[in-house]
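> Test case, fold it:
(2 chains)
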Amino acid sequence: MSAPFPEDRLPPHALPALAAALFIALAPHGWHQPPWVLSLAALALGWRLLVQTGRAPAPGRWLLGGLTLAATGLVLARYGTLAGRDPGVALLVLMTGLKFLETRRFRDAMLVVFLGYFVVITNFFYSQEIPLALYMVLAVFATTAALVRLNAGDGGQPWGESLRLAGLLLAQALPLMVILFFLFPRIPGPLWSMPEEDQAATTGLSDHMRPGSVSRLLQSEAPAFRVTFAGEMPGAAQRYWRGPVFWAYDGRTWRAGAVPPALPANPPQADTLEHTVSLEPHGQRWLLAMDVPVSAPRDARLTDDGYLVSRERVRQVTRYSVRSHPGAALEPLLSGARRRAALDLPGDAAPRARTLARAWRQVHGDDDAAVVQAALGHFRQAPFIYTLSPPPLPRDAVDQFLFETRAGFCEHYAGAFTVLMRAAGIPARVVTGYQGGTFNQTGDYLLVRQSDAHAWTEVWLRGRGWTRVDPTGAVAPERIESGVGAAFSGDATVPAFLRRGGDWFGDLRLQLGLWRDSLNYYWNGWVLAFGPERQRELLARLGLDGADWRALVGLMTVATGLVLTLFAGLFLWRNRLPVKDPLGRLQARFDRRLARLGLPRPPHEPLPDFARRVGRERPDLAGPVTGFAEEYTRLRYGPRPDPARFARLRGHLRGVPGRGRVLYRRILHAQWR
Amino acid sequence: MPAVTRPGRIPTALRERAIAWITRRQPTGARQVTLDRRCIYILPTRYGYTFAGVLVVMLLGAINYSNSLAFLLTFLLAALGSNAMWHTHRNLLGLRITRLPAEPVFAGETAHLAYSVANPGRVPRRGLTLEAPGHPGRAFAVPEHGDTRVALEIPTRRRGVLHPGRLRLHTRYPLGLFRAWSWLHLEGDVLVYPRPLPVEETAGGGGEDRHEARASRQPGGEFTGLRGFVPGDSPRRVDWKALARTGSLYVKEFHEPRGGRLWLDWDDLPAGDPETRLSMLCHRVLQAHGADLEFGLRLPGIEVAPARGPAHRRQCLEHLARFAPTGREGA
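Numbering: from 1, shown residues only, chains lettered A, B, ... in the order given. Predicted coordinates:
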């Protein structure tokens, strides 16, 4: 192989920078990958640096091929596949390390830099939180600095210069980035179907309810969603956020079940409450909304059970506007099949509860509402405890809870109450969702946390349709009025963030938490949830209602063109070539001005002579003209030009009236005459 | 590279017109060139295209996963790449390239074309390459408010005048995504003397030739005596033994043939093609100069009066380098 051309030579000083940048970009993958993935990549980086300093032999072609195969095999052994996010990232991390190890020439190094940028982007498929975003700014900065050093040539470059230039380049890229981000036409993804990823990592409501499945969410301070209201915010007791609805009960677990479709009904229109929800990703398809939503946002539908289901799983922060009708009569007519589904109980479940329900039915006859009240009264009067750490229920969950332990969390109450209703012959179902929320004054929104998760019952009453009944409210009214924290204020087993003590430290922590959350709220609204929907909103705010993608492309092109032109203009102005003969230019301007005043200077007349002549003919101009002539002569023929003198020369030139002042005087003169 | 037009290359006619256009835009034949906006060209490198491809993949990923930060990064890198164009352009802008005088060389040696590149700006210019067409370039950097001397090495094969032609000054700095370049037409050709060729190597040795050869080997002809040293005499002619004996400087005097003058004559050489003859003459000029002889040079249509000294040597060699045989001399 012939010696590489200078342009394909690898500048040695670029390698440590490149290794550092790669390590910064790769490091966060340590959280999601088995430890050996990152360790092997780091080893490869280190090996290449040792080769550079002559302390290790360079790997041969066969060894590199073997290592590549081994890395692929390891990933296959760990994940069983190479497709999908995690195996793909593992492979990318390992290959980036190996490619760096193989780097011999400029072109290899350039490829490694591009791989580095690619590694940065893969991090965003795991997290889009502000801290990671800031960290990735650092990674992009380091990678760009390495790219600059790589292109600086054999001579090397001081570190400060590489870093400063990388920073400058990135800073100059920001305006265009912002324009493209907001105006590049967004289309709803995905373009191709994605493999299902395991959802274990995301917290949120689940697709079933059994004792313990809601209370586990109480441990999480993480936000579930944030809501802004178009008008007045409803009171605390009204803040029920509707999620999935469960019909099928197998004696322990509630599930959605296969329920026939509802009879068609006219959706209620009056008295709706408009609000916008910014939902954190939870990996499922339902969208939370205030009970009961009556309209569906784009790419979602309203189910017969009155909750919203999105077309795609919620993997990103999603923002949508919904109208709700808190008092709506849901499903005024119940079909026979649905009625049967809402009364179904497994044959052997909860015999004592059935007896109790039958007793209420006998007392109240046909009056369903009275039976409901009797049941609520039972919960209120019997010694029930609302607790996060209920005793286990190894036998029949409902009977044991209702008659023995009498201690439970909302899923116990909702489940048992629904069973009681069904036993009494009242169609009933379980609704899960959230209840309550913390108002954030800084951001003017309501924050609903995972710890606000809740479950309640809906009973179907003739003439009223599905009606919400919350047995938890009967046991612990403060839970509904003031939130979980109030319900557990003295309980040492609940997480600290839920215990609202009166101490200043707790208050400060609360306030800081709210500030941080409002930061996240804006981050979510303007960055993470910025998609097709938000883009339309933004355009509408700019007065471009109903703009299609063509208008958007036009707007983007114009804005991009403006920014680029401005940048180019500033760039060329700042880097313009120095004036060849600044003195000559000033003199030419001086001559033009005097010629306009009727005093042309013939080219053979030296400036000092000319100045004397002007002094005789126009004594009013003598000062500046003589001054100019003197300074000019000194600057032109004297030793070392002095900048201060140059400024004085300009001053004298300003003393000679220019075109504007001459015109102004002429007009003035004409008026006076 | 052969002048045959390969498929996919710009047709020759178009190329020539493009070169003519470039030449018109560029100050030619000057000793110094300052690069302004109009004479800097720029195009993406293959890394630039690769980078664009990477960005397209990133954009597709961002759309597919509706990942806002992926969008942000993609757009940041796109803007970075587009701004890099200006920085690459700026890396050449305002550079002042001055041609430094070049020493003549003998055919077969390497000519050193020296340039001084000055940077009047306040930003150092890095990753610059200066190259003559068909030769590997020379990489260098110029500090802010400073200058750098760059020497191009061009191997020579034939005597004559070496035109380095259009030089190309190019750079990929700072990101390698774009290449900016400028064509430099700077005056200053390098004179390439003929390759010196000892006469014996080509001819079996004719009568006249032997005489000349002997004259070369015993410079100065027959020894005639000593005379006193006069300032200006060559130290080679000082009789050092006499100095040791007497303590004063004496100079040896020789009887020089042909009226005391050595003539190196084109027509005295054994038959050969003109280039061989020039090479032989070159060898003799060097020998005669080395022996500090007074010699003259006769070429068809040219006669250089006998003299000695470096200026005379240079004049003779220049005639040999520039000599254009008229055809009748061709053997």
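> quick check: domain ranges of the chain?
If you meant another chain, say so; for now it's chain A. A:6-178, A:217-345+A:428-530, A:532-574, A:582-672 (automatic domain parsing).
> um, chain B though
Domain assignment for chain B, taken from automatic domain parsing, gives B:27-192, B:194-221+B:257-331, B:223-255.
> Return the most buried member of those.
Most buried of the domains of chain B by mean neighbour count (mean count of other C-beta atoms under 10 Å in any protein chain shown) is domain B:27-192; its value is a mean of 19. C-beta: built from backbone N, CA, C; applies to glycine.
> any idea how far it is from the chain center?
Mean-position distance between domain B:27-192 and its chain equals 20 Å (C-alpha atoms, centre = their mean, to the nearest Å).
> before we move on, the earlier item: same list, the domains of chain A, but as CSV with mean pLDDT and mean neighbour count please.
What follows is the domains of chain A, written out as CSV (pLDDT from 0 to 100; neighbours: other C-beta atoms under 10 Å in any protein chain shown):
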stretch, mean pLDDT, mean neighbour count
domain A:6-178, 92, 19
domain A:217-345+A:428-530, 83, 18
domain A:532-574, 84, 14
domain A:582-672, 81, 14
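> Among those, which comes closest to B:F71?
Of all the domains of chain A, the one in closest proximity to B:F71, counting by C-beta to C-beta, is domain A:217-345+A:428-530 (8.1 Å).
> How about that closest one and chain B, touching?
Yes. Counting by C-beta under 8 Å from any C-beta of the partner chain, chain B is contacted by domain A:217-345+A:428-530 at A:R315, A:Q316, A:V527, A:L528, A:A529, A:F530.
> confidence score at the closest residue to the third one other than its chain neighbours?
Counting by C-beta to C-beta, 6 or more residues apart in numbering or on different chains, B:S68 is the residue found nearest to A:V527 once chain neighbours are left out, at 5.1 Å. What the model reports for B:S68 is a pLDDT of 90.
> who touches B:S68 in this structure?
Counting by C-beta atoms under 8 Å, 6 or more residues apart in numbering or on different chains, B:S68 touches A:Q128, A:Q316, A:V527, A:L528, A:A529, A:F530, A:G531, B:A62.
> Farthest-apart pair in these, please.
Largest separation among those by C-beta to C-beta: A:A529 and B:A62, giving 14.3 Å.
> so where is chain B shaky, pLDDT-wise?
B:1-11, B:22-29, B:200-224, B:232-234, B:253-261, B:271, B:326-331 (pLDDT under 70).
> Can you tell me the SS state at B:A180?
Counting by DSSP: H, G, I helix; E, B strand; the rest coil, the backbone at B:A180 sits in strand.
> thought it was touching B:W86?
No. Assessed by C-beta atoms under 8 Å, B:A180 is found out of contact with B:W86, at 9.8 Å.
> Turn the domains of chain A into CSV, columns for distance to B:L43.
Listed next are the domains of chain A as CSV, based on distance: least, C-beta to C-beta, whole Å:
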stretch, distance to B:L43
domain A:6-178, 14
domain A:217-345+A:428-530, 35
domain A:532-574, 17
domain A:582-672, 35
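> and B:G301, which of those is closest to it?
domain A:6-178 (45.4 Å).
> if you look at that closest one, does any of it touch chain B?
Yes. Judged by C-beta under 8 Å from any C-beta, domain A:6-178 comes into contact with chain B at A:6-7, A:9, A:106-107, A:110-111, A:114, A:117-118, A:120-121, A:124-125, A:128, A:133, A:136, A:140, A:144, A:147-148, A:150-155, A:157, A:161, A:165, A:169-170, A:172-177.
> mind listing the strands for the stretch 201-331 of chain B?
Here the stretch 201-331 of chain B has its strands, by DSSP state E, counting those that start in this stretch, at B:222-228, B:250-255, B:262-265, B:295-299, B:302-307.
> With distance to chain A as extra columns, can I get those in a markdown table?
Formatted as a markdown table, the strands of the stretch 201-331 of chain B follow (distance: least, C-beta to the nearest C-beta, whole Å):
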| stretch | distance to chain A |
| --- | --- |
| strand B:222-228 | 54 |
| strand B:250-255 | 53 |
| strand B:262-265 | 42 |
| strand B:295-299 | 42 |
| strand B:302-307 | 43 |
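> export these to TSV and tack on distance to A:E274?
Shown next, in TSV, are the strands of the stretch 201-331 of chain B (distance: least, C-beta to C-beta, whole Å):
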stretch	distance to A:E274
strand B:222-228	122
strand B:250-255	117
strand B:262-265	107
strand B:295-299	103
strand B:302-307	102
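> Can you tell me which of the ones you listed is nearest to A:E617?
Nearest of the strands of the stretch 201-331 of chain B (C-beta to C-beta): strand B:302-307, 66.3 Å.
> ok, residues contacting that closest one?
B:261-263, B:294-298, B:312, B:315-316, B:319, B:323.
> Among the residues of domain A:6-178 next to chain B, which lie within helices?
Here DSSP state H is the test, and the residues of domain A:6-178 next to chain B give A:106-107, A:110-111, A:114, A:117-118, A:120-121, A:133, A:136, A:140, A:144, A:147-148, A:150-151, A:161, A:165, A:169-170, A:172-177 as lying in helices.
> nearest to A:L217, of the domains of chain B?
The closest of the domains of chain B to A:L217 is domain B:27-192. By C-beta to C-beta, the value is 25.4 Å.
> out of everything not next to it in sequence, what's closest to the closest residue to chain B within the stretch 551-673 of chain A?
Nearest to chain B in the stretch 551-673 of chain A, going by C-beta to the nearest C-beta, is A:F571, at a distance of 4.8 Å. Once flanking residues are discounted, A:F571 sits nearest to B:W86: 4.8 Å by C-beta to C-beta, 6+ apart.
> does the one you found sit in a helix, a strand or a coil?
Assignment for B:W86 (three-state DSSP): helix.
> What of the one 5 residues further on?
For B:N91, the secondary structure call by three-state DSSP comes out as helix.
> ditto for A:P11
Relying on three-state DSSP, one would call A:P11 coil.
> Name all residues that make contact with it.
A:P11 neighbours (C-beta under 8 Å, 6+ apart): A:F106, A:R149, A:L150, A:A152, A:G153, A:D154, A:G156.
> how close does the residue lying closest to A:R107 once chain neighbours are set aside sit to B:R125?
The shortest distance from A:R107 to any non-neighbouring residue, by C-beta to C-beta, 6+ apart, is to A:D8 (6.2 Å). From A:D8 across to B:R125, the span is 21 Å (C-beta to C-beta, to the nearest Å).
> Equivalent analysis for A:S518, please.
For A:S518 relative to B:R125 (C-beta to C-beta), the value is 48 Å.
> wait, what's in contact with residue 102?
Just so you know, I chose chain A. A:P59, A:L64, A:D108.
> ah, no, chain B please
B:A111, B:H112, B:L113, B:A114, B:G188, B:V190.
> Ignoring the adjacent residues along the chain, who's closest to the third one?
It stands for B:L113. B:L152 (4.4 Å).
> Wait, a strand at that neighbour?
Yes. Assignment of B:L152 by three-state DSSP places it within a strand.
> wait, it sits on B:G134?
No. B:L152 lies out of contact with B:G134 (C-beta under 8 Å); the separation is 11.4 Å.
> before we move on, back to that, touching, the residue nearest to A:F571 and A:A568? I think so.
Yes. With contact defined as C-beta under 8 Å, B:W86 counts as touching A:A568 (6.6 Å).
> a helix runs through A:I187, doesn't it?
No. Under the criterion used here (three-state DSSP), A:I187 is coil, not part of a helix.
> I'd like to know how many residues surround it.
By other C-beta atoms under 10 Å in any protein chain shown, the residues close to A:I187 number 11.
> Let me see the contact set for the spatially closest residue to A:W36 that is not a sequence neighbour.
Once flanking residues are discounted, A:W36 sits nearest to A:L74: 7.3 Å by C-beta to C-beta, 6+ apart. Each residue near A:L74 by C-beta under 8 Å, 6+ apart is listed here: A:W36, A:L40, A:L94.
> And B:N119, by the same measure?
B:G94, B:L95, B:R96, B:R125, B:V142, B:P143, B:E144, B:H145, B:G146, B:D147.
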